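Asker: show me how the following folds:
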Amino acid sequence: MSAGPNRRRNQLVINVLAWAILLFLAIPAFWIILTAFRPAGEVNASPPVWIPREITLDAFTTMFGMNPNVQVRVAVEAYLTNSLLAALISTAVSVFLGTLAAYAFARFHFRFHTASFLALMFSRSVPGIALGLPLFMLFTQLKLTNSVPGLAFVYVAVNIPFTIWLMDGFFRQIPKDLTEAAYIDGCGYWTAFWRVDLPLAGPGLAAAAIFAFLAAWNEFQLASVLTRSNDARTFPPGLYAFTQQFTVDWRGMCAMSVLMMIPAIVFVILTQRNLVRGLTFGAIKG
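Answerer: Residues are numbered from 1 along each chain as shown. Prediction:
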């Protein structure tokens, strides 16, 4: 009879610990948000002011060029457009190609199957900073530097190995009997993939899309090397523009960081709906 209360107490303790860990990990994000809305005199105050004494939008008005005392404004619209295009294009292409490749690795055996898969995985282990100079020289010859399509192409190459690895695991968890049953019912390879395996791998698609989008959205090293002007510069290199030789505009960086969080949060929320829907679909079909 005591198992019920003990189970509820243990679950309560786990929930409290989970929320405590989550809040602790969220402290940097809260600090960035508070700094974006605090007065300039509180940014470098010692001891630090945890809760702003007043809320001000000066950092945002300065960033959007609404402050008459500041002549130079930040190209927020260009950063937002370039970041969205590079992230969305690279996410769509890498998820599409990575899913097809993962299905081939999971369902079919061909010559150099294992070697090809390992080669793709090892290619992801190369750090981005090591690729900066070779990519810059190559893109200079191809005249792809300082262009959003060129940056998106790089992100596709970077995200595809992880997408293949992630989706390969999801496809391997789907029983082959379902695919073989589709073959018996007259489905071809493509029809079985589209109507049977792909819907059941919906959670994997959502997870791959989230990782690919965030990887491209937050990438700094390659974007700072391959973009030279606001025509193709994304948010992460744009944040670096707030640093000067002797001073750093921490409040301006935090204000832009808040703007940078919003599209990423919206994308994750929309994608998580599909993730939950895919989990429910898989449970019903199973």
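Asker: and residue 286, what pLDDT?
Answerer: Residue 286 carries a pLDDT value of 40.
Asker: now do residue 239
Answerer: So residue 239 comes in at 85 (pLDDT).
Asker: ok so it is a helix residue?
Answerer: Yes. Checked against DSSP: H, G, I helix; E, B strand; the rest coil, residue 239 lies within a helix.
Asker: that one: neighbour count?
Answerer: Close neighbours of residue 239, defined as other C-beta atoms under 10 Å, add up to 18. C-betas here are computed from N, CA, C, even on glycine.
Asker: roughly how far apart are it and residue 85?
Answerer: 18 Å (C-beta to C-beta, to the nearest Å).
Asker: then residue 54?
Answerer: Taken as C-beta to C-beta, the span from residue 54 to residue 85 is 37 Å.
Asker: higher neighbour count, these two?
Answerer: Between residue 54 and residue 85, counted using other C-beta under 10 Å, the more crowded position is residue 85 (16 against 8).
Asker: what residues of the strand or helix carrying the more buried one count as buried?
Answerer: Per DSSP states H and E, residue 85 falls inside helix 76-107. Neighbour-count burial for helix 76-107 flags 76, 78-80, 82-91, 93-95, 98-99, 101-107 (criterion: 16 or more other C-beta atoms under 10 Å).
Asker: repeat for stretch 224-236
Answerer: Neighbour-count burial for stretch 224-236 [16+ other C-beta under 10 Å]: 224, 225, 226, 227, 230, 232, 233, 234, 235, 236.
Asker: swap in stretch 185-195?
Answerer: 187, 192, 193.
Asker: so which of those comes closest to residue 124?
Answerer: residue 193 (24.3 Å; C-beta to C-beta).
Asker: just the pLDDT for that closest one.
Answerer: In this prediction, residue 193 carries a pLDDT score of 87.
Asker: and what of residue 42?
Answerer: For residue 42, pLDDT reads 84.
Asker: can you give me the neighbour number for it?
Answerer: Residue 42: 18 neighbours (other C-beta under 10 Å).
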